[in-house]
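In: Sequence and predicted structure, then a few things I'm wondering about:
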Amino acid sequence: MKKTIGLKMTLLFVIFSLILCLALSIFSYFASWNSYVDIYMDHARSVAEMTASLIDGTHIATYLETNEKDYYYYELKEMLNNIKRELDIMYLYIFKPGTDSFTYIIEAQLDTDDPDMIAELGNIFEYTRIEYDYLLPDVEARRTSTHKVISYNEAGYGNVVSAWAPVFSDNGELVAMVEADVALTRVEKRLREFLIIIILLSCSITVLLLISLLFMMRRIISRPLERLTNNALGFVSDDTLSEFADDIKTGDEMQTLSESFGKMAKDIKRYTENLAVVVADKERIATELNVATQIQISMLPYIFPAFPERTEFNIYASMTPAKEVGGDFYDFFLIDENTLAVVMADVSGKGVPAALFMVIAKTLIKNNAQYGKSPKEVFETVNNLLCESNDANMFVTAILGYLDIPTGKFIYVNAGHNFPLLRKNKKFDWLKEKPGFILAGMEDMFYKQYEITLHPGDEIFLYTDGVTEAVNVETELFSEPRLLETVNNYLDLPLKEFTISIKHEIDKFAGIAEQADDITMLVLRYDGLDSGS
């Protein structure tokens, strides 16, 4: 039967007893410090309140207005000097509190004081952090009697306790504050001596205990631990995992620990082997995601200007996925010499599933549009095709529009997508025609198409809900009203700069909040047949 190690560890508790004694001594030190500080705090508070009660507030109120000293001013300063000298005050002065700074009125000054540290009437200083946090709330509350006592240490001022008391005029108006600062130098000196005695006594006891325990520790703990350490080092030698030698046979908890290490070593080897497989799989997935990202980017038109030989219109688009790959997509292509098709769509979800569904939807829309079908017919056909074997219940919101280049006639159909924005008469506004049902939601749906006429200078702005539903850290949405205001703030910019500016406003609004959805935008400007002449 294994013996417990409890008896062997008994002597070690002596060290913990010493630590406990040291902790109690340190606690006594700080308790004594707090007692001394409380005494000095009461002293500072009493001096501040007494001084405030002796001051004629009506006279004080005139000094800052006139910046002139009178007979009462010098009598008051002499009184402050006497109080400072007799009551052992480090700093004693009267000041006018402001919002961000305070103005000196009178400060006590003895012959032993550094003249560079004494402020004069009218000197203005910014609040310290302590004064700003503790003094200002009381001043702004305008209580009839108030004081705050704090302890702080600042360069050039030392460790002091401070107290404030208000000075009122005859009509009860707060005109100034009295501050009394008491130095803690003597307290620090006494407590340093007390701490030195405690440390010396603790060190002496510790040395005696350590000498008596070294022999026992060597036999009971050190040797088995050294063997256990060597076995552990041998387990990971040469950057490989070898067999763990659990050969400690002490018959106590140390032997149990060695056996536990042996089991842990076997588990680590097995985990390391599995981890190597997982890491390889993750690297492969990361590589495949990178390839998928490049494929998705290459599937979307990304070379601009897209039709440099066509002067009747201009177009620009961008897509920023929330993950490596996204479900948003845009497209534009010439159906014939006189017809330009534009597409904006958003697949439900994000990541790889949405990207795969996006590829299918994009291909179907483009192929059916190039067969000569109207936007309405394209969506009705694509909707039925996407509904087939849609076990994942994914869907697409989309807009498809045809621009008749010679006439400017724009025919479009909306399948549950965000309302487009149309710029006419140098201002964007909504095209809020009733949208149809989403694609892949239900078979045999009918879609209604709408027609508008674009004139030279008109623009159509298409986007996904990643724009209007971008959120900031307060979970506030970018929203449609903010989008409308933003696009109208960047009128007449080149199309690329226009979309970049909108994306910049979205990023500025979101701040550090993580992008939750893909952000896709497309803007089409119609210039007309005479634009190239």
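Out: Done, it's in.

In: Can you name the residues bridging to Tyr91?
Out: In this structure, Tyr91 bridges to Asp181 when assessed by DSSP bridges.

In: Kindly report the same for Tyr330.
Out: Taking DSSP bridges as the rule, Tyr330 bridges to Met344.

In: How much space separates it from Gly98?
Out: From Tyr330 across to Gly98, the span is 57 Å (CB to CB, to the nearest Å). Quick note: C-beta positions are derived from backbone N, CA and C, even for glycine.

In: do Lys409 as well
Out: When CB to CB is the yardstick, Lys409 and Gly98 sit 68 Å from each other.

In: Leu439 too?
Out: Counting by CB to CB, the gap between Leu439 and Gly98 amounts to 65 Å.

In: Kindly report the same for Tyr302.
Out: Here the distance between Tyr302 and Gly98 works out to 59 Å (CB to CB).

In: Which residue ranges make up each domain of the protein?
Out: Taking automatic domain parsing as the criterion, the chain consists of the domains 12-188, 236-298, 300-526.

In: And Thr51, its phi and psi?
Out: The main-chain torsion angles of Thr51 are listed as degrees, to the nearest 10 and equal phi -60, psi -40.

In: which ones are touching it?
Out: By CB atoms under 8 Å, 6 or more residues apart in numbering, Thr51 lies in contact with 80, 83, 92, 165, 178, 180.

In: just to revisit the earlier point, reformat the domains of the chain as JSON lines; add mean pLDDT and distance to Cys203.
Out: Rendered in JSON lines, the data for the domains of the chain read as follows (pLDDT from 0 to 100; distance: least, CB to CB, whole Å):
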{"stretch": "domain 12-188", "mean pLDDT": "74", "distance to Cys203": "9"}
{"stretch": "domain 236-298", "mean pLDDT": "64", "distance to Cys203": "31"}
{"stretch": "domain 300-526", "mean pLDDT": "93", "distance to Cys203": "50"}
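
In: Could you tell me how many residues sit around the nearest residue to Lys409 once chain neighbours are set aside?
Out: With CB to CB, 6 or more residues apart in numbering as the criterion, Lys409 has its nearest non-adjacent residue at 5.5 Å, and that residue is Thr453. Residue crowding around Thr453 was assessed by other CB atoms under 10 Å; the count is 12.

In: who touches Thr453 in this structure?
Out: 407-410.

In: Which phi and psi values does Glu107 adopt?
Out: phi -130, psi 130.

In: Could you look up the SS state of the nearest residue to it once chain neighbours are set aside?
Out: Across the structure, with CB to CB, 6+ apart as the measure, the residue nearest Glu107 apart from its sequence neighbours is Tyr93 (3.7 Å). With DSSP: H, G, I helix; E, B strand; the rest coil as the basis, Tyr93 sits in strand.

In: what about Tyr93, neighbour count?
Out: Neighbourhood size, Tyr93 [other CB under 10 Å]: 23.

In: Would you mind measuring from it to Glu505?
Out: Between Tyr93 and Glu505 the distance, using CB to CB, works out to 51 Å.

In: next one: Thr185
Out: Here the distance between Thr185 and Glu505 works out to 58 Å (CB to CB).

In: The two: who's more crowded?
Out: In this comparison of Thr185 against Glu505, neighbours counted by other CB under 10 Å, the higher total goes to Glu505 at 20 against 12.

In: in terms of contact, does that one touch Thr486 like I think?
Out: Yes - applying CB atoms under 8 Å, one finds Glu505 in contact with Thr486, separated by 5.0 Å.

In: can you tell me the distance between the two ends of stretch 488-502?
Out: Here the two ends of stretch 488-502 are set 10 Å apart, with distance taken as CA to CA, to the nearest Å.

In: Quick one: residues in contact with it.
Out: Residues lying outside stretch 488-502 but in contact with it, judged by CB under 8 Å, 6+ apart, are 304, 314-318, 423, 426-428, 467, 483, 486-487, 521, 523, 525.

In: filter those residues to the buried ones?
Out: 314-318, 423, 428, 467, 483, 486-487, 521, 523, 525 (16 or more other CB atoms under 10 Å).

In: ok, so of those, who is nearest Thr475?
Out: The nearest member of the buried ones among the contacts of stretch 488-502 to Thr475, counting by CB to CB, is Val467 at 16.5 Å.

In: Just list what the host helix or strand of the closest one packs against, helices and strands only.
Out: When secondary structure is defined using DSSP states H and E, the element that contains Val467 is helix 465-468. Where contact means 3 or more CB pairs under 8 Å, 6 or more residues apart in numbering; DSSP states H and E, helix 465-468 is packed against helix 480-489, strand 519-526.

In: Need the CA coordinates for that helix. CSV is fine.
Out: Written as CSV, here are the backbone C-alpha positions of helix 465-468 (Å, rounded to 0.1, in the frame of the first residue of the first chain):
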residue,chain,number,x,y,z
ASP,A,465,-28.1,44.8,-48.0
GLY,A,466,-24.5,44.6,-46.7
VAL,A,467,-24.5,48.4,-47.4
THR,A,468,-27.6,49.5,-45.6
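
In: All further residue positions should be reported with the first residue as 46.
Out: Fine by me, first position is 46 from now on; the one you just mentioned is helix 510-513.

In: Give me the distance from it to the chain's centre.
Out: 22 Å (CA atoms, centre = their mean, to the nearest Å).

In: Asp376: what's it in contact with?
Out: With contacts taken as CB under 8 Å, 6+ apart, Asp376 has the following neighbours: 345-346, 386-388, 407, 410-411.

In: repeat that with 7 Å
Out: With contacts taken as CB atoms under 7 Å, 6 or more residues apart in numbering, Asp376 has the following neighbours: 345-346, 388, 407, 411.

In: Need the phi and psi values for Gly217.
Out: According to degrees, to the nearest 10, the main-chain angles of Gly217 amount to phi 80, psi 10.

In: mind checking how far it is from Ser98?
Out: For Gly217, the distance to Ser98 under the criterion CB to CB works out to 15 Å.

In: next one: Ile557
Out: Applying CB to CB, one obtains 53 Å for the distance of Ile557 from Ser98.

In: Who has more neighbours out of those two?
Out: Here Ile557 and Ser98 are compared on neighbour count by other CB under 10 Å; more neighbours surround Ser98, at 10 against 6.

In: Can you tell me how far that one is from Ala210?
Out: Distance, Ser98 to Ala210, by CB to CB: 8 Å.

In: Next, check the contacts of Asp376 against the strands and list the overlap.
Out: Val388 (DSSP state E).

In: Report the buried members of the contacts of Asp376.
Out: The neighbour count (16+ other CB under 10 Å) marks 345, 388, 407, 411 as buried among those.

In: Those residues into a markdown table, with extra columns for distance to Ala400?
Out: Written out in a markdown table, the entries for those read as follows (distance: CB to CB, whole Å):
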| residue | distance to Ala400 |
| --- | --- |
| Leu345 | 11 |
| Val388 | 16 |
| Lys407 | 10 |
| Lys411 | 17 |
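
In: for the contacts of Asp376, which one is nearest Glu152?
Out: Proximity of these to Glu152, judged by CB to CB, is greatest for Leu345, which lies at 72.6 Å.

In: Could you double-check that the closest one sits in contact with Phe374?
Out: Yes - using CB atoms under 7 Å as the test, Leu345 is close enough to Phe374 to be in contact (6.1 Å).
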